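K.L.:
need a 3D model of the following:
(one chain, ligands or ions: 1)
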Amino acid sequence: MSDKSTVKKQPDLIAVQNLKKYFPVRAGVMQRVVAHVQAVDDVSFSIKKGETLGMVGESGCGKTTVGRTMLRLIEPTAGSVIYGGKDIFQLKNNELKLVRRDLQIIFQDPYASLDPRVPIGESVMEGLHIHKIGTPKERVDIMMETLKKVGLETYHARRFPHEFSGGQRQRIGIARALALRPKFIVCDEPVSALDVSIQSQVLNILKDLQSEFGLTYLFIAHNLSVVEHISDRVAVMYLGKMVELADRDELYRRQLHPYTQALMSAIPVADPKLKRKRLILKGDVPSPLNPPSGCRFHPRCPIAQKICAEKEPEFRELKPGHFAACHFAENFL
Ligand code: SF4
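P.N.:
The predicted structure is shown next:
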């Protein structure tokens, strides 16, 4: 988390406008498209320079698809992502390659993206080779410096991925992203697979690197306590839609969407005297193949009315900087 007042004054670094990602479902001998999975449906937001935007929601809500589509690791169905005055979705070959230096990703499972036969020093330098940055000696210097920045030792460069623990592998994942000195990093559940004791170490590294390099993060997670720890603002996704967005402190104090209220009610409270009433949602998350009409949350919402199944609620600003998509959000102000 960065210095709040400074971050608020910063310009937007990256802006997502009306992003849609529908995955085709094919069937039959001819493999005709018979339906679409609406993984992300009309999502807009921006992130300021030096800010961390946390993005939460149950698995399948579309948060990972948002992050990957922003970097064009997955091609979008519609919308735009504005970075440096240009729409990333319109860029071709060399222009896209240039922008990719600035935009990196840290995966939940760095092991899957590391070649088991390649020493990790080489993996960390891979991006430098691809982008033809520096001489061979300069690349080694950048790699060594980057390993130290993430708390690894220079002798680790010669070791192979299987010689590291889960926490160390995630440090390697961060080093790979950092070697190119990016401006923006999508952190896709970077601590979800780690032991709790290691999680805070990795989160602290991410925070330190943010201060040192002025990094901007989209931090994707399903653990609300982790998101609270690192984010400046938090966005909540449900079934491909953004349903709430607010400053972190504001959102954890007051939720204007019943889905966010249910998520928050499930966070364990350390003090047994401070009992929180747990809101249990009925049913499972519906399929994004055939999302419910009107408000997608209506089959599970404890306060749903007739209009909820008929009309999609607008994502609107109810207080300065606090947005929610619920017909009855005013009731919670
Ligand atoms: Fe619940 Fe209706 Fe609000 Fe959707 S619009 S969250 S169904 S009250």
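K.L.:
from here on, just use CA atoms for contacts and neighbour counts.
P.N.:
Fine.
K.L.:
helix/strand/coil for residue 16?
P.N.:
strand (DSSP: H, G, I helix; E, B strand; the rest coil).
K.L.:
could you shift the numbering so residue one becomes 273, and keep it that way?
P.N.:
In the new numbering, first residue 273, that becomes residue 288.
K.L.:
and it, how many neighbours?
P.N.:
Residue 288: 20 surrounding residues under other Cα atoms under 10 Å.
K.L.:
would you say residue 298 is within a strand?
P.N.:
Yes: inclusion of residue 298 in a strand is indicated when three-state DSSP is applied.
K.L.:
the nearest residue to it once chain neighbours are set aside and the ligand: what is the separation?
P.N.:
Counting by Cα to Cα, 6 or more residues apart in numbering, residue 305 is the residue found nearest to residue 298 once chain neighbours are left out, at 4.4 Å. Look at residue 305 and the ligand: by Cα to the nearest ligand atom, to the nearest Å, they are 30 Å apart.
K.L.:
go on, residue 383?
P.N.:
Distance, residue 383 to the ligand, by Cα to the nearest ligand atom: 39 Å.
K.L.:
and for residue 407?
P.N.:
Note on residue 407: its distance to the ligand, by Cα to the nearest ligand atom, is 56 Å.
K.L.:
residues near that residue, how many?
P.N.:
As a burial measure, residue 407 scores 11 neighbours (other Cα under 10 Å).
K.L.:
go on, residue 347?
P.N.:
Using other Cα under 10 Å, residue 347 is surrounded by 14 other residues.
K.L.:
now do residue 279
P.N.:
The criterion is other Cα under 10 Å. On that basis, residue 279 has 18 neighbouring residues.
K.L.:
wait, the residue nearest to residue 298 sits on residue 297?
P.N.:
Yes: judged on Cα atoms under 8 Å, residue 305 makes contact with residue 297 at a distance of 5.5 Å.
K.L.:
what are the contacting residues of stretch 472-487?
P.N.:
273-274, 321-323, 421-422, 439, 442-443, 453-457, 463, 488, 502 (Cα atoms under 8 Å, 6 or more residues apart in numbering).
K.L.:
can you mark which positions in it are buried?
P.N.:
Within stretch 472-487, the residues that qualify as buried are 472, 474, 475, 478, 479, 480, 481, 482, 486, 487, counting by 16 or more other Cα atoms under 10 Å.
K.L.:
alright, that wraps it up for me.
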